[in-house]
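> Everything below, folded, please.
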Amino acid sequence: MSPSLNNIWRSIVLRGQNVASYKFALAEALINLANQGKTFVTIDELALPFSDAICRHIKESEKQITRQSPGKFLSACKDYNAGKIDKSKLLEITTKHAFNDVIDRFHVVNRTSMPKRFYIDDRRSKNGLTITDEMLTLQDDFQFQNLPNELEARWRLVETAWDLNISPNLLEVEYDDSLQFLNINILDENIYDRKNVTSCRDALNGYQKGKCFYCFEKISIKQSSEYLGDIDHFFPHSLKKHKLKINLDGIWNLVLSCKDCNRGPNGKFALIPDKLFLYRLEERNDWLIFSHHPLKETIINQTGNTSEKRKRFLNQIYEEAIKLFPYSKWRPNSA
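Presented below is the predicted three-dimensional model:
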């Protein structure tokens with residue numbers, strides 16, 4: 001069975017070893033073009049939304065690339081933000097220097113070319129990109145509404161880790177229940193820093209393919225949506241009072257669920273899920289690890305550096321939880 005268009009898109013945006021934020025900026029521009037119904041965009045036209053996205057993010061995190069030298073385009077974005085050059089000069093530099101690699105590499109993830117393309121590179125014949133039917137069809141999918149927030153969350157996580165300029169082994173992503181945000185903490189006794197980075201829903205939704213963790217019903221991360229997903233602790237907070245020495249607010253323990261599964265008539269609330277879902281949590285965490293930095297290092301730090309260790313970690317917690325709540329195994333009506 002071939003992957004859906006939104007899953008191909010999510011592979012492009014949410015996976016791979018990012019060395020620069022150009023792919024995120026191009027993805028944002030493509031979403032905006034799809035919203036406008038565009039079927040072709042010249043490189044000159046693309047330069048505006050592309051550079052706008054990068055300039056906006058540089059204001060939050062100056063480091064938008066892993067190498068030491070930022071290059072002409074990123075330097076121009078910084079100069080524009082500082083008022084040293086005007087918009088026309090920024091767009092001129094963007095057109096000349098921003099697209100050398102990203103257009104060729106956008107559809108490649110971990111050295112594998114994606115089976116569908118969201119644009120055709122027509123720079124040689126038309127000096128632009130032809131937006132494919134796949135990109136326009138993607139817009140009609142329910143999940144399209146979630147893609148901009150998922151993209152922004154991934155971008156914020158990656159750039160914040162770069163901006164901190166510290167080993168990923170010393171970074172921990174943790175949930176702040178009061179804000180429903182993910183924080184990045186530095187685990188170094190000589191440094192204390194904590195940054196609010198991005199919405200927890202936005203960061204997790206793409207890795208669940210926009211579906212409830214338990215029943216696979218569609219969920220949304222738009223605050224105004226009737227399908228807004230809940231943030232659920234797989235192992236409930238109530239275990240804290242039993243003094244289990246685990247970080248229940250770690251990202252490894254957070255999933256998104258529909259309202260019915262979390263707090264409906266047959267909702268999970270503070271129950272322990274059936275063991276079927278423990279295997280699903282293990283798979284989800286492995287996929288987060290494959291998404292790379294900083295989620296990868298966080299889950300490895302919290303649960304183990306091999307698949308076997310992570311499996312043992314989850315099973316040990318599950319056994320302890322079931323001993324404390326022997327009659328609490330829960331599953332949704334649809335499972």
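> contacts and neighbour counts: CA atoms only from here.
Will do.
> give the contact list for the closest residue in space to residue 222 that isn't next to it in sequence.
Counting by C-alpha to C-alpha, 6 or more residues apart in numbering, the nearest residue to residue 222 once its immediate chain neighbours are dropped is residue 228, at 6.2 Å. Residue 228 sits next to 219, 220, 221, 222, 258, 259 when contact means C-alpha atoms under 8 Å, 6 or more residues apart in numbering.
> same question, residue 55
Contacts of residue 55 by C-alpha under 8 Å, 6+ apart are 77, 78, 80, 81.
> hmm, try it at 10 Å
Residue 55 makes contact with 25, 49, 61, 62, 64, 74, 76, 77, 78, 79, 80, 81 under the criterion C-alpha atoms under 10 Å, 6 or more residues apart in numbering.
> still on that earlier bit, show me the beta-bridge partners of the residue nearest to residue 222.
residue 220 (DSSP bridges).
> which of the contacts of residue 55 has the most neighbours?
residue 77 (28 neighbours; other C-alpha atoms under 10 Å).
> Count the neighbours of residue 267 for me.
Residue 267: 17 neighbours (other C-alpha under 10 Å).
> meant to ask about residue 288
For residue 288, using other C-alpha under 10 Å, the count is 24.
> quick one, what contacts it?
Residues in contact with residue 288 (C-alpha under 10 Å, 6+ apart) are 14-15, 204, 207-208, 251-252, 282, 294-299.
> Repeat the analysis, applying 8 Å as the threshold.
Residues near residue 288 by C-alpha under 8 Å, 6+ apart: 207, 295, 296, 299.
> what's the closest of the residues you listed to residue 56?
residue 295 (23.2 Å; C-alpha to C-alpha).
> just checking, that closest one touches residue 289?
Yes: checked against C-alpha atoms under 8 Å, the pair residue 295 and residue 289 is within contact range at 6.4 Å.
> Where do the strands of this structure begin and end?
Per DSSP state E, the chain carries strands over the ranges 40-42, 108-109, 112-113, 119-122, 128-131, 171-176, 181-186, 194-199, 230-233, 254-257, 272-273, 329-330.
> so which of these gets nearest residue 142?
So among those, strand 254-257 is nearest, using C-alpha to C-alpha, at 16.6 Å.
> number of nearby residues for residue 68?
Residues contacting residue 68 under the criterion other C-alpha under 10 Å number 7.
> Okay, now the unreliable bits of the stretch 51-200 of the chain?
188-194 (pLDDT under 70).
> circling back to that earlier point, mean neighbour count added to the strands of the chain, as a markdown table?
Supplementary listing: the strands of the chain in a markdown table, determined by neighbours: other C-alpha atoms under 10 Å:
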| stretch | mean neighbour count |
| --- | --- |
| strand 40-42 | 17 |
| strand 108-109 | 16 |
| strand 112-113 | 10 |
| strand 119-122 | 16 |
| strand 128-131 | 20 |
| strand 171-176 | 22 |
| strand 181-186 | 22 |
| strand 194-199 | 18 |
| strand 230-233 | 21 |
| strand 254-257 | 26 |
| strand 272-273 | 22 |
| strand 329-330 | 16 |
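> Can I get the ones you listed in CSV including distance to residue 322?
Shown next, in CSV, are the strands of the chain (distance: least, C-alpha to C-alpha, whole Å):
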stretch, distance to residue 322
strand 40-42, 57
strand 108-109, 40
strand 112-113, 42
strand 119-122, 51
strand 128-131, 52
strand 171-176, 24
strand 181-186, 28
strand 194-199, 31
strand 230-233, 15
strand 254-257, 19
strand 272-273, 7
strand 329-330, 8
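> Which one, of the ones you listed, ends up nearest to residue 317?
The closest of the strands of the chain to residue 317 is strand 272-273. By C-alpha to C-alpha, the value is 10.8 Å.
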